[in-house]
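# requesting a structural model of the entry that follows:
(one chain, ligands or ions: 1)
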Amino acid sequence: MKINETVALVSGANRGIGKAFVEALYSAGAERIYATARSIDSLTDLVAIDPQRIIPIALDVTKPDQIAAVVQQTQGVNLLINNAGVLGSGGFLQIIAM
Ligand SMILES: NC(=O)c1ccc[n+]([C@@H]2O[C@H](COP(=O)([O-])OP(=O)(O)OC[C@H]3O[C@@H](n4cnc5c(N)ncnc54)[C@H](OP(=O)(O)O)[C@@H]3O)[C@@H](O)[C@H]2O)c1
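Numbers count the residues shown, from 1 in each chain. Okay, the predicted model is just below:
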């Protein structure tokens, strides 16, 4: 895969690893990056880097209606980085005891 031919979609792009993915893809020359986050306002700084190539979209990955809307709002995605998530704390036995 050539990064300069990549149209990426990164979920949870407003902070942490997701934000780092967007920055790395941008630096590597990705054609377009859809940066998604629960709060579109939280993407302002990232989009300011290059509004032509970093496109903000609101997306809570637990909401099927928002996922369907994202499909309508995007074109040509050939790299999905489904980064959004919550890292659970505690071990396996602690989780099944809940
Ligand atoms: N860091 C690690 O060592 C590690 C290890 C293993 C796996 N991971 C996984 O790697 C991913 C990123 O880790 P991180 O350290 O960057 O985590 P982080 O700093 O806690 O960031 C999590 C990101 O996911 C977003 N998010 C959470 N629930 C969401 C939802 N329902 N819809 C949309 N976005 C949602 C958060 O958005 P908000 O700002 O709106 O909360 C935030 O942007 C996570 O899935 C995590 O489980 C991380």
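# list the buried ones in the biggest helix by length in the chain?
Determined from DSSP state H, the single longest helix within the chain is helix 16-27. Neighbour counts using 16 or more other Cβ atoms under 10 Å place 18-19, 21-23, 25-26 of helix 16-27 among the buried residues. All C-beta spots, glycine's among them, are computed from the backbone N, C-alpha and C.
# excluding its backbone neighbours, what's nearest S11?
A84 (3.9 Å; Cβ to Cβ, 6 or more residues apart in numbering).
# whoops, I mixed them up, G85
G12 is the one closest to G85 (Cβ to Cβ, 6+ apart), at 6.7 Å.
# quick one: the one you found and the ligand, what's the gap?
3 Å (Cβ to the nearest ligand atom, to the nearest Å).
# ok, that residue - contacts?
G12 sits next to 18, 36-37, 61, 83-85 when contact means Cβ atoms under 8 Å, 6 or more residues apart in numbering.
# who wins for neighbours among those?
The most crowded member of the contacts of G12 is T36, carrying 29 neighbours; neighbours defined as other Cβ atoms under 10 Å.
# how about the residue lying closest to that one once chain neighbours are set aside, phi and psi?
Distance criterion Cβ to Cβ, 6+ apart; nearest residue to T36, sequence neighbours excluded, is L59 at 3.8 Å. Dihedral pair for L59: phi -160, psi 120, per degrees, to the nearest 10.
# just I40 next, same as before
phi -60, psi -30.
# pretty sure it is touching D60, no?
No: contact criterion Cβ atoms under 8 Å: I40 and D60 do not qualify, at 11.0 Å.
# quickly find the element holding P56.
Using DSSP states H and E, P56 sits in strand 54-58.
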